[in-house]
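> sequence below, structure please.
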Amino acid sequence: MEQASRLLTALLEQSAQLSDKLVDRHGLVRYGQWCKQEVLLAEEQEQWVQRQQELEAHVKVKREQQMERDRSQQQIRERQKVEREQREMEQREWEQWARGL
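From the prediction side, this is the model:
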């Protein structure tokens, strides 16, 4: 009877140890899954940051191109204004010369 009691106690202790190991193993599996998820999230965040930087660089280039176009158009308008004023001045001079004849 005592031997059966010791055997039962030993079996219960082994069962408890196995249960602890399974819990630990399950916990490690869950921790491993959590780590894997954290790595995936970090990679996704890194990709998002990289994409954001690419978009910001693209916007900067487009903004610079637009500023260049604006400057170019302003220079064209200024040149056209100078040419128009020159033509008007030449026209007035021509008209004054023609009146003098």
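
> okay, which residue is most central for the chain?
residue 52 (1.3 Å; CA atoms, centre = their mean).

> low-confidence stretches in the chain?
Within the chain, the segments meeting pLDDT under 70 span 1, 7-8, 11-12, 15-29.

> tell me where it has strands.
Per DSSP state E, the chain carries no strands over any range.

> can you map out the helices along it?
Using DSSP state H, the helices of the chain run over 2-100.

> return the distance of the residue nearest to the centre of the chain relative to residue 83.
Applying CB to CB, to the nearest Å, the value for residue 52 to residue 83 is 46 Å. For every residue, glycine as well, the C-beta is placed using N, CA and C.

> can you check residue 49 too?
Counting by CB to CB, the gap from residue 49 to residue 83 is 51 Å.

> could you report the neighbour count for residue 76?
Residues within reach of residue 76, counting by other CB atoms under 10 Å, total 10.
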